[in-house]
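S.K.: kindly return the folded structure for what I paste below:
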Amino acid sequence: MSQNFKKHFTRTAIPHLILVIFLFAVISLFHLWRISEIPKGFYVDELSIGYNALLIAETGHDEHNQFLPVFFEAFGEYKNPLYIYTVALIYKLFGVSEFGLRIASFIFFLLFLLGFYLLMTDIYRDKKTISIYVLLSAGFLPWFFTLSRISFEVISQLTMVTYSLLFIYRAYHSQQGRKEWLDPILAGVFLGLSLYSYSTARLLSFLMLISFMCIYLRKNSFKKTITLCASFFLLVVPYVVFSVNHPGALTARFKSISYFYDPSISPLQCILIFVSKYSSYFGFDFLLLKGDLNLRHATGYGGELFIPVFLLSVIGLIWCIIHRDLFRNKFLLFMFINMLLSPVAASLSTEGIGPTHALRSIMLGLFILFFSCYGLSFLFSIRNNVLKNILISIAVAALFFQACFYLNDYFTRYKETSIKWFESYDFKNTLITAIERQPEEIIISPFSNQPYILLAFYNNFINNPRKIPIYVSSKIPQINTCIIYFGNDPLLDIYTTRF
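M.R.: As a prediction, this is how the structure comes out:
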């Protein structure tokens, strides 16, 4: 019997492992292909992260001369440290580059994909096809794919929360006989680290902890739960110390973009606005048709989800409610509650293009993806083999073709569309060309979005052998001055008529 088992394991496990490795390689190829060129241009938030990261890598101080800060002041707000320190490590090891800036997002995404794959294989240990679906759906989901190719902090939140969920599941539901203390500690650590990933986590991580306590704080698991909470609150200490030393710093941005602080809006109106915005995150426009209207966060081709993923998630939710699995399985209930909580932070703000914001609601994508796996599991449970095979084939084919159409659009049409939205296309080559002309000075027009950060970042690795003065200014240029200006610049008429 032992030999038969080994033969069966070899026949099934090795081909499956080869397929998994192959899919990881293909997904990585698509995520890395021309990552420093598409989208075209680097948005100022990306360059702010890159500039502070290179300063940390070189001196340990940020642009405001703070030594190893917990949070980084930039553009009147505070950026989160987890992503910036990751980029700083990449720069320290491999040098400063645009590729190094954006590859940090790929690293966080690949870690997320691995963590989500491990979570779903733990849950569906005997259903290897679901693990393949996990890689295909999560690997190319528009919500995640777009954000994994730009250097925004939010992708690190997705990774930290996923590993927290993985270790919560292993601590309370796994039958693998792990050490009881290790998984709760790791779950608390990753949930604590999420506080330093993206601004919405400052609310959502605490909401997740509260929902966790309500579901899992029981007498038979008391030690595990307290261990998890202790490791979480240990990670909260730097956050609290920073908040005490910088009162209001981490909430100033929220106050400026939230309608709750608008004195002209009554409490009842605030509630109505919240309900309207919250419901929009579950609407067809956002999820399936249009996505985020800000084309830095989405491509404008379809919604944030693939249609098969959405339909499978609906099937999964209906199935677990009808069969009462949602109320018998603590982890399912935990995931369902946090799916409902995930758009809360995004629904509290008004700033943005359109009613929805893909970055602030990214965790919703994770939970919908989770329940879509549950829906696929339902299809596999259908007793009629003909019907089962037809439905699964339709789902897989639809997912494959929609992913292909999305990727084709991303690497063709969106490549040019992104120029307008990222606002800095070819600034580096423009600066290099200006230096090669050898003028007396180079002036960069101030009439664009934070032009100082473009100069601050690129000036660190562009060769300027004659040390030509380069600065941001609106002064009228003199003869033998080189001017760099941007589209719709108000000084454009002056520049062109003067010379």
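S.K.: can you give me the helices in the stretch 251-400 of the chain?
M.R.: Along the stretch 251-400 of the chain, counting by DSSP state H, counting those that start in this stretch, helices occupy 252-257, 267-280, 284, 307-322, 325-328, 330-341, 344-347, 362-380, 385-411.
S.K.: assess the claim that residue 326 and residue 334 are in contact.
M.R.: No. Proximity of residue 326 to residue 334 does not meet the contact threshold set by C-beta atoms under 8 Å, at 10.3 Å. (Each C-beta comes from the backbone N, C-alpha and C, glycine too.)
S.K.: with neighbour numbers in mind, choose between the two.
M.R.: Shown here are residue 326 and residue 334; by other C-beta atoms under 10 Å, residue 334 has more neighbours (20 against 17).
S.K.: so what pLDDT did the more buried one get?
M.R.: Reading off the confidence values, residue 334 has pLDDT 97.
S.K.: quick check: closest non-adjacent residue to it.
M.R.: residue 215 (5.2 Å; C-beta to C-beta, 6 or more residues apart in numbering).
S.K.: now what about the host helix or strand of that neighbour, what contacts it?
M.R.: Using DSSP states H and E, residue 215 maps to helix 201-216. Contact with helix 201-216 is made by 157, 160-161, 164, 168, 172, 191-192, 194-195, 224-225, 228-229, 232, 239, 250, 330, 333-334, 337-338, 341-342, 344-345, 363, as judged by C-beta atoms under 8 Å, 6 or more residues apart in numbering.
S.K.: quick one: low-confidence parts of the stretch 251-400 of the chain?
M.R.: Across the stretch 251-400 of the chain, the ranges flagged by pLDDT under 70 are 352.
S.K.: kindly recompute the last result at 80.
M.R.: Filtered on pLDDT under 80, the stretch 251-400 of the chain yields the residue ranges 351-354.
S.K.: with the stretch 51-200 of the chain instead?
M.R.: 76, 126, 175-180.
S.K.: all helices for it, in order.
M.R.: Using DSSP H, counting those that start in this stretch, helices in the stretch 51-200 of the chain cover 81-94, 98-123, 128-140, 142-147, 154-172, 182-193.
S.K.: what's the offset of the fourth one from the middle of its chain?
M.R.: What separates the centre of helix 142-147 from the centre of its chain is 8 Å, taken as C-alpha atoms, centre = their mean, to the nearest Å.
S.K.: just checking, what packs against that helix?
M.R.: helix 98-123, helix 154-172, helix 362-380, helix 385-411 (3 or more C-beta pairs under 8 Å, 6 or more residues apart in numbering; DSSP states H and E).
S.K.: list the buried residues of the helix or strand following the last one.
M.R.: Heading C-terminal from helix 385-411, the first helix or strand you meet, by DSSP H and E, is helix 413-422. Under the neighbour-count criterion of 16 or more other C-beta atoms under 10 Å, helix 413-422 has 414-415, 417-418, 421-422 buried.
S.K.: with stretch 142-161 instead?
M.R.: 142-161.
S.K.: try stretch 268-278
M.R.: For stretch 268-278, by 16+ other C-beta under 10 Å, it's 270, 273, 277-278.
S.K.: you'd agree residue 303 is up against residue 285?
M.R.: Yes. Under the criterion of C-beta under 8 Å, residue 303 makes contact with residue 285 at 7.4 Å.
S.K.: of the two, who's got more company?
M.R.: residue 303 (22 against 14).
S.K.: excluding chain neighbours, what is closest to the more buried one?
M.R.: Per C-beta to C-beta, 6+ apart, closest to residue 303 is residue 288, 4.0 Å.
S.K.: just checking, that neighbour touches residue 311?
M.R.: No. Assessed by C-beta under 8 Å, residue 288 is found out of contact with residue 311, at 9.6 Å.
S.K.: follow-up on the earlier one: if you count neighbours, what's buried in the helix or strand that comes right after the helix holding residue 215?
M.R.: Moving toward the C-terminus from helix 201-216, the next helix or strand (DSSP H and E) is helix 222-245. For helix 222-245, the neighbour count (16+ other C-beta under 10 Å) marks 224-225, 227-229, 231-232, 235-236, 239, 242-243 as buried.
S.K.: residues in contact with residue 306?
M.R.: 137, 140-142, 398-399, 402-403, 406.
S.K.: and residue 163, how many residues sit next to it?
M.R.: The burial count for residue 163: 23, using other C-beta under 10 Å.
S.K.: tally of neighbours for the closest residue to it other than its chain neighbours?
M.R.: Ranked by C-beta to C-beta, 6+ apart and with sequence neighbours excluded, the top spatial neighbour of residue 163 is residue 190, at 4.2 Å. Neighbourhood size, residue 190 [other C-beta under 10 Å]: 25.
S.K.: so who does residue 190 touch?
M.R.: Counting by C-beta under 8 Å, 6+ apart, residue 190 has contacts 160-161, 163-164, 167.
S.K.: for residue 442, helix, strand, or coil?
M.R.: strand (DSSP: H, G, I helix; E, B strand; the rest coil).
S.K.: give me the distance between the residue nearest to residue 192 when sequence neighbours are not counted and residue 194.
M.R.: Spatial nearest neighbour of residue 192, excluding adjacent residues (C-beta to C-beta, 6+ apart): residue 235 at 2.5 Å. Going from residue 235 to residue 194 by C-beta to C-beta, to the nearest Å gives 9 Å.
S.K.: same check, this time on residue 18
M.R.: With C-beta to C-beta as the criterion, residue 18 and residue 194 are 34 Å apart.
S.K.: the more surrounded of these two?
M.R.: More neighbours surround residue 194 than the other of residue 18 and residue 194, with 29 against 10 (other C-beta under 10 Å).
S.K.: correct me, but the more buried one touches residue 163?
M.R.: No. Counting by C-beta under 8 Å, residue 194 does not reach residue 163; the two are 9.2 Å apart.
S.K.: mind listing what residue 127 touches?
M.R.: With C-beta under 8 Å, 6+ apart, residue 127 has these contacts: 377, 380.
S.K.: can we see that at 10 Å?
M.R.: Residues near residue 127 by C-beta atoms under 10 Å, 6 or more residues apart in numbering: 120-121, 133, 373, 376-377, 380-381.
S.K.: of all these, which two lie farthest apart?
M.R.: For the contacts of residue 127, the maximum inter-member distance is 18.1 Å, found between 121 and 381 (C-beta to C-beta).
S.K.: and the two? Which one has more around it.
M.R.: Between residue 121 and residue 381, counted using other C-beta under 10 Å, the more crowded position is residue 121 (16 against 9).
S.K.: for that one, which non-adjacent residue is closest in space?
M.R.: Spatial nearest neighbour of residue 121, chain neighbours left out: residue 131 (4.9 Å); criterion: C-beta to C-beta, 6+ apart.
S.K.: isn't the one you found up against residue 120?
M.R.: Yes. Counting by C-beta atoms under 10 Å, residue 131 touches residue 120, with 6.0 Å between them.
S.K.: ok so, going back, which one of the helices of the stretch 51-200 of the chain lies closest to residue 64?
M.R.: Nearest to residue 64, of all the helices of the stretch 51-200 of the chain, is helix 81-94, at 13.1 Å by C-beta to C-beta.
S.K.: residue 215 - how many residues pack around it?
M.R.: 16.
S.K.: now do the same contact list for residue 389.
M.R.: 379, 382.
S.K.: separation between it and residue 110?
M.R.: Residue 389 is 32 Å from residue 110, by C-beta to C-beta.
S.K.: likewise for residue 151?
M.R.: For residue 151, the distance to residue 110 - C-beta to C-beta - is 15 Å.
S.K.: before we move on, what about residue 237?
M.R.: 29 Å.
S.K.: cool, residue 343 as well?
M.R.: According to C-beta to C-beta, residue 343 stands 26 Å off from residue 110.
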